[in-house]
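Enquirer: My questions are about this predicted structure, shown below with the sequence.
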Amino acid sequence: MGGIVERTLIVATAVGVAAASAGCVSVSRSNVTSAGGQTAGEVASPAVSADGQVVAFVSDAPDLVAGDTNGVADVFVHDVATGRTERVSTMGGAGGEKLFPTTTYALSPDGRRVAFEAILGELLPGIGPPVAFRDWVGVHDRTSHRTDVAVDPTQLMVAVAAPQYLDGGFLSTSQTLFVGGSSTVTARITPFGGCAGPALVAGDGHWCVQPATTPAPGLLLHAPNAGTTNVVLDTELTTDGAVPTAAPTALALSSTGRFVAFASAATNHVAGDGNGLADVFVVDRDADADGVFDEGTSLPVDRVSVAAGTGGTGDADGASSAPALSADGRYVVFASDAANLVAGDTNGSSDVFRYDRAAGTTERVSVANGGGAQASGASFAPVVDAAAQTVVFLSSAGDLVGGDTNGATDVFRRSFGTSSSSSATVAGLTP
């Protein structure tokens, strides 16, 4: 991909089908210049703010902003309200071009700050070797237009990388939680405990989760703030009491860690799973909704990648992946090669879908602006805002918006209307 390497940290009821309403679909392209012009560069790793109004992505395009001459991948932010696109992976201080590519980053929920991987020497110009070549995390503040180190390097003698944003700070794979969201060098360092990176952390910072492979396939969860030991879920996730027949892959968490979405090719998470393909599942760790994750040896697991018109039990005829969850766990967005999740799916390409756990409906997200016609190319890598009323995804289709003639994969934003709280209508469904 022209130098862009994407690294992703992976943040039911009876099924009906909700088709895209003709004339009501709102899709726009985000990897455009501030004047709205398209570019031919490649893109990866989309992200979106909690209100859906700020879209971030990685691109090696040299013409998204003026003065981009470094020839490497950078992190860009597109502001939906203003139409402005800016480069945020810049040198320390007042900015300037970085020399090395940036492919891993995190967007703060309010869209103001972006943490990104960098070489320490780029963040603190003038620092000498060998420290200058240590992997580090910079934080760019879009209000002050400054980039600073996430933490003073004299406070931490190991490299840090792969940040995530959560309550007031950033988590890195060094198992370090950077608390204090302002882009200054005064962040406090707190060990994160049992989840070694890379791990996915709930928005409130109270739970982290990662795939477990030993002693059996499953989910490893840890509550660092409570000082609890690791929780491994394996036989709790199956219908037959055996360990899952395959390990989970991509993960997503609701804001409090109550709901965990995961992709897996295991055949014993739900009864009747006979497609032999990866599906997307959701486990509820607090089925009685009492706020205590103490459900015992059997947890309710639902498959959300199911065939239309089968009452929520039919096998999808293609593999599904890349789940994303709304903050309250109501909506599950994922990519799928299946052609039978909604009626009329005949494009023969991967699409992005949104499943509403309250209404029991599946809708195809990756359709064209305006009339909702299906895409002519593959769509994948979805991310959602807090309410899942905005879905951002990548697509190679050239017909999702008008004037798309660059022949490249682009970043698209689908809006379902409001990005206010998606308060659920299913009894007991809270984050």
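Expert: Sure thing, it's come through.
Enquirer: farthest residue from the center of this structure?
Expert: Gly128 (35.6 Å; C-alpha atoms, centre = their mean).
Enquirer: list the contacts for it?
Expert: With contact set as C-beta atoms under 8 Å, 6 or more residues apart in numbering, Gly128 has no partners. The C-beta positions use only the backbone N, C-alpha and C, and glycine is treated the same way.
Enquirer: Does it lie in a helix or a strand, and which?
Expert: Under the criterion DSSP states H and E, no helix or strand holds Gly128.
Enquirer: Also Asp148?
Expert: Taking DSSP H and E as the criterion, the element that holds Asp148 is strand 146-149.
Enquirer: what pLDDT does the residue farthest from the centre of the chain get?
Expert: Confidence at Gly128, expressed as pLDDT, is 78.
Enquirer: Quote the end-to-end distance of stretch 387-397.
Expert: As for stretch 387-397, its first-to-last residue distance stands at 26 Å under the measure C-alpha to C-alpha, to the nearest Å.
Enquirer: Return the set of buried residues in it.
Expert: The neighbour-count check on stretch 387-397 (16 or more other C-beta atoms under 10 Å) flags 387-397 as buried.
Enquirer: Same question for stretch 79-95.
Expert: Here stretch 79-95 shows 79-80, 85-92 as buried, counting by 16+ other C-beta under 10 Å.
Enquirer: for that stretch, the distance to its chain's centre please.
Expert: Its chain's average C-alpha position is 20 Å from that of stretch 79-95, according to C-alpha atoms, centre = their mean, to the nearest Å.
Enquirer: residue ranges with poor pLDDT in the stretch 301-431 of the chain?
Expert: 418-431 (pLDDT under 70).
Enquirer: ok, 90 please
Expert: Counting by pLDDT under 90, the stretch 301-431 of the chain contains low-confidence residues at 311-313, 358-360, 417-431.
Enquirer: Check what contacts stretch 393-403 and list those residues.
Expert: By C-beta under 8 Å, 6+ apart, the residues outside stretch 393-403 that reach it are 27-29, 38, 43-44, 46, 335, 349, 352, 365-369, 373, 375-383, 404-405, 407-412, 414.
Enquirer: picking up where we left off before, may I see the buried residues of stretch 79-95 organised as TSV, with pLDDT, distance to His222 and secondary structure added?
Expert: Shown next, in TSV, are the buried residues of stretch 79-95 (pLDDT from 0 to 100; distance: C-beta to C-beta, whole Å; DSSP: H, G, I helix; E, B strand; the rest coil):
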residue	pLDDT	distance to His222	secondary structure
Asp79	98	36	strand
Val80	97	35	coil
Thr85	98	38	strand
Glu86	98	36	strand
Arg87	98	35	strand
Val88	97	31	coil
Ser89	96	30	coil
Thr90	95	34	strand
Met91	94	35	coil
Gly92	91	33	coil
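Enquirer: May I ask which helix or strand encompasses the residue positioned nearest the centre of the chain?
Expert: Averaging the C-alpha coordinates of the chain gives a centre point, and the residue nearest to it by C-alpha atoms, centre = their mean is Val383 (4.4 Å). Following DSSP H and E, one finds Val383 within strand 379-384.
Enquirer: Provide the strand pairings for that strand, with the direction of each partner.
Expert: Using DSSP bridges, the strands paired with strand 379-384 in its sheet are strand 390-395 (antiparallel).
Enquirer: Give the buried residues for stretch 328-343.
Expert: Buried residues in stretch 328-343, defined by neighbour count with 16+ other C-beta under 10 Å: 328-342.
Enquirer: Output it as CSV, nothing but the C-alphas.
Expert: What follows is stretch 328-343, C-alpha atoms only, in CSV (Å, rounded to 0.1, in the frame of the first residue of the first chain):
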residue,chain,number,x,y,z
ASP,A,328,-24.3,1.7,24.8
GLY,A,329,-23.9,-1.5,22.9
ARG,A,330,-27.1,-1.1,20.9
TYR,A,331,-25.6,-0.9,17.5
VAL,A,332,-23.0,-3.3,16.0
VAL,A,333,-21.4,-2.3,12.7
PHE,A,334,-19.2,-4.7,10.8
ALA,A,335,-17.9,-5.6,7.4
SER,A,336,-19.1,-8.7,5.6
ASP,A,337,-18.6,-10.6,2.3
ALA,A,338,-22.1,-12.1,2.8
ALA,A,339,-24.8,-11.5,0.2
ASN,A,340,-27.7,-12.6,2.3
LEU,A,341,-27.7,-10.2,5.2
VAL,A,342,-30.1,-7.8,3.5
ALA,A,343,-32.3,-8.2,0.5
